[in-house]
Each structure stands twice: as C-alpha cells, then as structure tokens.
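1. Have a look; sequence and predicted model below, questions after that.
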Amino acid sequence: MKVLSLGGAGAVCQHATRDLAEFSSFDQIVIGDYNVAAAEKLAAEIGDPRVEVLKVDAEDYDGLVKLFKDFDVILNGLPWKYDLAVTKACVEAGVSGLDVCTEETQWDYDAAAKEKGIVFIPGVGATPGITNAMARHGADQLDEVDEIQINFAAFRCPAPAPGLLITFLWEFHPEVEERLYYKDGEFHLVSPFEGLKTVNFSGPIGEQEVCYIPHPETRTMPKSLGAKAVSVHGCFPPHAMRLAKALLEAGFYNEDEITVKGIETTAFEMVYELLLQLPESKETPLWAYGLVVEVYGKRDGRDVKIKLWNRHPSMEEWGGKAAYYKNIAIPLSIGAQMIARGDVKVKGIVPPETAIDPDIFFAELRRRGIEIHELVEEYHVVGNG
C-alpha cells in the first residue's frame, strides 16, 4: 500500500512522516511537499528505502485529484487553508484520508464520500484528535452522557511556523464564529478569554488558566456522543496568552484596510508578518502538550465522572520542540495506519470520535510513549431505601 504524506516535511508533519517510516507497514511512503529540498533532507535523515519525495503544488486542485488516485491513503499535514481542497480531492479521487485540522464545510461532502466508499477524518491531532478518542472512551462507559469538558494546554511559541501562527491568532480572533459551547440544546457564542477556569495538567505544565477556544469537538459531540453539554477550554504558555490578550485589547485583530508608509495593509496582517519575523515569537521555555477530558453522566442509575489525561516524554527525551509537535503528528500517522489496516469501519466525512476505536488508538499511542490515564468516580445518595 502507498501513503502520501502531504506537507510531509513541514514543522509538524515531518514527525508524522518519521512515524510512518518507523511503525507502519506501508510499501511506499511519499513525502509530497512544495519544498523539495526540505523533503529530500528529511528522506535522507530517515534513511528508509520506502520513503520517496515528490513535489506537490497544493494550489493545483486538478493536479491533486490526479495525484491522489495513485495512493491508498492521503495524510494531510498542510496548513488548514488547504483542508477543504484536500477533502474534495480525496472524495473526487475516491481515496481515503485524514488531516490535522477541521474546516466547517468539509462535512458537506459526507454523502459524496459515502457514495465513493471512502472515509475522510478531519482533525486527527492532539485536540481535536486524542481528545475525541478520550471523550469517546468515557462516553462508551456511560448509559447517558450529561457533559463533556475538554481542556488543553498547547505549550509552544506563538510563531514556530506560518500555519501555527495563524492557528494561534485565530483562537483569539474576536470575529471567529466557531467559539461556541453547547448546552440546553443550543450552541452559545462567546468572546475571546471568556469562561476562565483553572485546570491542572500533568507534568511540567502544571496548573494553568484556560478559556473557551473555538474547536470542532464542541460542534460534533452533541450528535456523535449524545452529550447534553460540550465545551472546549484551552491555553498557550502564559507569555503567549499575555500577547494574545494585549493584541486583542489594542485592536490589532482589526482587518479594515489602513495605509502605512504608502502601503495598503491591515493591523492583523502587520501583526502576522511581525510575529513571523521576530525571534522572540519563536521562543518558549517549555515545549509540551497537556490534555484533560472530563466526561460526566449516568451508569446504572448512578452519577459518574470519568477523567482522562495524557502524559508524554519530556523535552529532554523527545528533543525540544518535538515534545510539542509529536503530540499532533503521531496521532495523524496512527490514524493513517488504522485506515490502511481496516481498523476504521465507517465511511463518509466523519469526526475522530466516530471513526477511531479508542482502545486501538490508545495502545498505538502508548507504543510511542504517549500514555492516556483514567480516573472513574461514582456518586450516589447514601441511605436511600
């Protein structure tokens, strides 16, 4: 079987490509990247004869469709602006795939994907991704799911790569319409930095203040897991959170056109370009990823709380930045391997909690050093009857 690692030499996806080479049984692993030099360097470092390099222009949609037909699985690690194009191309080519991000309109191609007999899974990273499997694992143990609370701490610098900088800025953009929580049968829109609470993450991240973040778990889990309430809270390192709040308060998210020294631009574009260039925006003392998911519900008439959290190797063990990146890239690689092995039984455009068996997924994560821990607590009234 052949897998295409699209954007496979990028900051995040290079670790997915490495994982494919180390753990998968694919006959051919192709790094599809516009940056051929970076892809060839990565292939040489991996040193696996199955790994090949191919120049791919993600702006060429027809080219993507033609190319995808030569593969069995498409692993998409491109920036999220290409999510919809890759999804459409997979459906048109009749090839299964997955990506690390989620674009709302991807779900519109569910029926077409089912007709083609393929599966495409948006959002198979840390969050969304691992968190979806954690929520599914908790929900599967309950008769009734009352609430799912997802919390993450993405400890990395604001601008390690262009796509990751956009993600950081987007999380706190005041015009984002996806910053929602679900409760009482409705989605509720909230502003940046609302819903502040403190969460204790494992390892060196420790206790952090988190707020509502616009992630797709909120939109998919009321239907997929029957949850009556769903929320996603998250944070970046404290210095990054202070930066995001200062930009928001100073109006730097404004996208109205302005003229600066004769150049037409926007405040948002200026901030993006500045942060992409400044050395300080590429620094952080700790690279890590913390996840805590709490699932509340009922089992055999008793109230139950199931708490799940992750642990992963330290910066010293995994090599600095990799202690963040691998938490996103490894799930992506595992998902591609599960599709190839036939572990994913559903068809269509489906969220991770619907497509991915948590037991298989967690076992594969553990092989790579990522552990998922669980605490189950039951509550009932004492002295009845």
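-> Perfect, thanks for sending it.
2. could you measure residue 356 against residue 306, distance?
-> Residue 356 sits 18 Å away from residue 306, going by Cβ to Cβ, to the nearest Å. Backbone N, C-alpha and C define where each C-beta goes, glycine included.
3. So which of the two has more stuff around it?
-> residue 356 (28 against 25; other Cβ atoms under 10 Å).
4. mind listing what the closest residue to that one other than its chain neighbours touches?
-> Nearest non-adjacent residue to residue 356, counting by Cβ to Cβ, 6 or more residues apart in numbering: residue 133, 5.5 Å away. Applying Cβ atoms under 8 Å, 6 or more residues apart in numbering, we find residue 133 in contact with 352, 353, 356, 358, 361, 362, 372.
5. what's downstream of the host helix or strand of residue 133, the next helix or strand?
-> Element membership of residue 133 [criterion: DSSP states H and E] is helix 130-139. Per DSSP H and E, the first helix or strand lying C-terminal to helix 130-139 is strand 144-155.
6. got the contact list for stretch 160-172?
-> 10-12, 78-80, 156, 158-159, 176, 192-193, 213-214, 234, 236, 240, 244-245, 247-248, 253, 268, 271-272, 275-276, 281-282, 321.
7. Only the buried residues of it, if you could.
-> Residues 160, 161, 163, 164, 165, 166, 168, 169, 170, 171, 172 are the ones in stretch 160-172 that count as buried (16 or more other Cβ atoms under 10 Å).
8. For residue 101, state which of these is nearest.
-> residue 163 (8.6 Å; Cβ to Cβ).
9. tell me the pLDDT at the closest one?
-> On pLDDT, residue 163 comes in at 88.
10. tell me which element it is part of?
-> In this assignment (DSSP H and E), residue 163 forms part of helix 162-171.
11. try residue 265
-> Element membership of residue 265, judged by DSSP H and E, is strand 263-266.
12. Contacts made by whichever helix or strand comes after that strand with the rest, please.
-> Downstream of strand 263-266, the first helix or strand assigned by DSSP H and E is helix 267-277. With Cβ under 8 Å, 6+ apart as the test, helix 267-277 has contacts from 158-159, 162, 165-166, 169, 247, 251-256, 258, 260, 281.
13. do that again at 6 Å, thanks
-> Residues outside helix 267-277 that contact it (Cβ atoms under 6 Å, 6 or more residues apart in numbering): 158, 159, 165, 252, 253, 254, 255, 281.
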